[in-house]
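K.L.:
pasting a predicted model and its sequence here:
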Amino acid sequence: MNIWSYIFPQKIAEFHTPYNEHIRINVEHDEPKLLVNGSPQSGRYIRWLWKKAFRTFHISKHFPVSKILMLGVGGGTAIKLLHETFPGAHITAIDIDSQMIDIAKFYFHLDNSGYVSFVQEDANKFVRQEAKKHKHYDMVIVDLFTGYVIPRFVTEISFLQALKEIISRPVGVCIFNYLRELQYAEKSNMLFGRLKRIFSYVSDFSIENNRFFFTSIV
């Protein structure tokens with residue numbers, strides 16, 4: 001145990017890519033923490049947000065889940081929580097930035113996990129391709145951030161329609177992690193309205209700066 005990591009965060013790696021201007025991995029509380037453009041993308045806080053959302057939406061091991069699509073890798077915090085909840089499920093994790101995938105594998109120990117496959121691809125393109133191929137997933141997680149910025153296509157009706165197409169019938173679900181502060185206050189309301197037009201059931205949960213949405217087709 002490194003006692004200093006509890007007092008002073010220690011940088012252990014730093015990267016710059018065409019997709020993420022500033023990627024930094026610190027050691028905090030004796031564990032790695034990922035920051036992208038200053039925004040935390042892994043760690044205890046992120047795990048706490050997701051656990052709260054799972055409890056609110058009653059996500060548990062009793063869900064019939066065997067195939068999960070994760071859009072956005074980050075440090076793999078949500079991936080690990082999904083595996084804990086659904087240990088028998090396989091997770092396909094998509095990220096446009098190969099460096100983010102390498103970070104998840106090396107610094108967050110997801111390289112030889114066996115339960116997750118990584119694909120370097122634009123999430124928008126991947127979802128639309130899967131819809132054309134008539135591929136289906138029991139659960140889709142939309143967790144797409146570049147620092148504090150969410151890609152515009154996340155709220156596009158054509159993207160949301162494609163998501164609906166790849167959700168397994170009749171029990172598949174889709175969960176969004178979005179923001180609700182500053183410029184995202186109005187956008188999150190717009191997303192909520194569009195989700196209600198496309199999916200049969202929609203609920204939301206706000207916590208800190210985040211707003212989660214749960215959708216299903218029944």
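P.N.:
Cool, got the structure.
K.L.:
which ones are touching the closest residue in space to residue 23 that isn't next to it in sequence?
P.N.:
Leaving out its chain neighbours, the residue that sits closest to residue 23 by C-beta to C-beta, 6 or more residues apart in numbering is residue 15, at 4.2 Å. (Each C-beta comes from the backbone N, C-alpha and C, glycine too.) Listed by C-beta atoms under 8 Å, 6 or more residues apart in numbering, the contact set of residue 15 reads 23-24, 99, 103.
K.L.:
how does it look with 10 Å?
P.N.:
21-25, 36, 97, 99-100, 102-103 (C-beta atoms under 10 Å, 6 or more residues apart in numbering).
K.L.:
which among these count as buried?
P.N.:
For these, a neighbour count by 16 or more other C-beta atoms under 10 Å gives the buried set as 23-25, 36, 97, 99-100, 102-103.
K.L.:
hang on, the earlier thing: widest-spaced pair of the contacts of residue 15?
P.N.:
Largest separation among the contacts of residue 15 by C-beta to C-beta: 21 and 102, giving 17.0 Å.
K.L.:
CA atoms only: put the top helix by length along the chain into PDB for me.
P.N.:
Longest helix of the chain, by residue count under DSSP state H: helix 184-198. Extracted C-alpha coordinates of helix 184-198, given in PDB (Å, rounded to 0.1, in the frame of the first residue of the first chain):
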ATOM      1  CA  TYR A 184     -27.000  19.900 -20.900                       C
ATOM      2  CA  ALA A 185     -30.000  21.000 -18.800                       C
ATOM      3  CA  GLU A 186     -32.100  21.700 -21.900                       C
ATOM      4  CA  LYS A 187     -30.500  18.900 -23.900                       C
ATOM      5  CA  SER A 188     -31.300  16.300 -21.300                       C
ATOM      6  CA  ASN A 189     -34.900  17.300 -21.400                       C
ATOM      7  CA  MET A 190     -34.900  17.000 -25.100                       C
ATOM      8  CA  LEU A 191     -33.400  13.600 -24.900                       C
ATOM      9  CA  PHE A 192     -36.000  12.500 -22.400                       C
ATOM     10  CA  GLY A 193     -38.800  13.700 -24.700                       C
ATOM     11  CA  ARG A 194     -37.300  11.800 -27.700                       C
ATOM     12  CA  LEU A 195     -36.800   8.600 -25.700                       C
ATOM     13  CA  LYS A 196     -40.500   8.700 -24.700                       C
ATOM     14  CA  ARG A 197     -41.400   9.000 -28.400                       C
ATOM     15  CA  ILE A 198     -39.300   6.000 -29.400                       C
END
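K.L.:
right, I'll call it a day here.
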